[in-house]
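Undergrad: coordinates only, sequence not included:
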Ligand SMILES: N[C@@H](CCC(=O)N[C@@H](CS)C(=O)NCC(=O)O)C(=O)O
């Protein structure tokens with residue numbers, strides 16, 4: 001039997017969280033090496049495991065994969081969460097890119113010295129630019145693309161939960177998305193992931209932020 005994937009990242013959500021979500025939905029058990037000291041990070045660098053000196057790093061199928069989107073696409077492909085043909089795939093990728101753009105903005109908020117304007121901007125962009133797209137796509141269909149579960153659906157449920165943590169009423173005018181979210185969180189693997197004690201990471205706290213700042217040369221805006 002194949003070995004379990006190993007995820008190398010800080011002890012928090014960041015760019016790895018979507019990968020944790022996708023593996024969870026694919027029902028793939030994984031292990032994690034949580035980088036809590038500078039030495040761990042430097043060792044990965046010295047070992048040559050980080051092609052661009054960055055994490056996430058995922059060891060899977062005998063490979064050391066980096067670059068979040070490449071990793072997500074590999075997992076989606078492998079576990080049949082990337083559509084049935086190139087036309088499905090390009091739609092899945094378009095929807096996924098939009099969600100990753102939005103989640104990236106949320107991920108960066110706690111690193112800002114002045115989060116309020118950033119949050120206001122995210123809220124209006126979410127309501128005016130992003131959520132209407134998914135609301136329309138879900139008028140009728142159960143899933144975003146091709147009538148079957150895909151990477152885009154997984155990212156959408158992750159993103160809506162992240163948004164609600166910041167803006168609890170944000171889905172008020174997006175009833176299709178809210179229903180979609182309700183269905184998705186009933187999927188047993190997702191339901192388990194949302195329970196305390198799972199590998200889902202909590203919202204970033206001071207300790208996590210300090211860890212990321214100290215242990216990588218992360219470039220901040
Ligand atoms: N495009 C890369 C960006 C990865 C990235 O920015 N990683 C950060 C941590 S979230 C990092 O390792 N920063 C260290 C550095 O850039 O020196 C991806 O999506 O995986």
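TA: Structure's in. What do you need? From a predicted model like this one, the values you see are computed outputs, not experimental measurements.
Undergrad: How about the contacts made by the spatially most central residue of the chain?
TA: Centroid check for the chain by C-alpha atoms, centre = their mean gives residue 18 as the closest residue, at 2.1 Å. Taking C-beta atoms under 8 Å, 6 or more residues apart in numbering, we find residue 18 in contact with 68, 72, 100, 103, 154-155, 158. From N, CA and C alone the C-beta is placed, and that goes for glycine too.
Undergrad: tell me, which of those residues make contact with the ligand?
TA: Here is what survives when those are matched to the ligand using C-beta under 6 Å from any ligand atom: residue 68.
Undergrad: ok so, going back, and the residue nearest to the centre of the chain, backbone torsions?
TA: Backbone torsions of residue 18, given as degrees, to the nearest 10, read phi -60, psi -30.
Undergrad: now the nearest residue to residue 27 once chain neighbours are set aside: how far from residue 195?
TA: In space, residue 27 comes closest to residue 189 once its chain neighbours are excluded; the distance is 5.4 Å by C-beta to C-beta, 6 or more residues apart in numbering. From residue 189 over to residue 195 the distance is 11 Å, taken as C-beta to C-beta, to the nearest Å.
Undergrad: Would you mind measuring from the residue nearest to residue 27 to the ligand?
TA: From residue 189 across to the ligand, the span is 24 Å (C-beta to the nearest ligand atom, to the nearest Å).
Undergrad: Let me see the domain layout of the protein.
TA: Using automatic domain parsing, the domains assigned to the chain come out as 6-79+193-215, 86-186.
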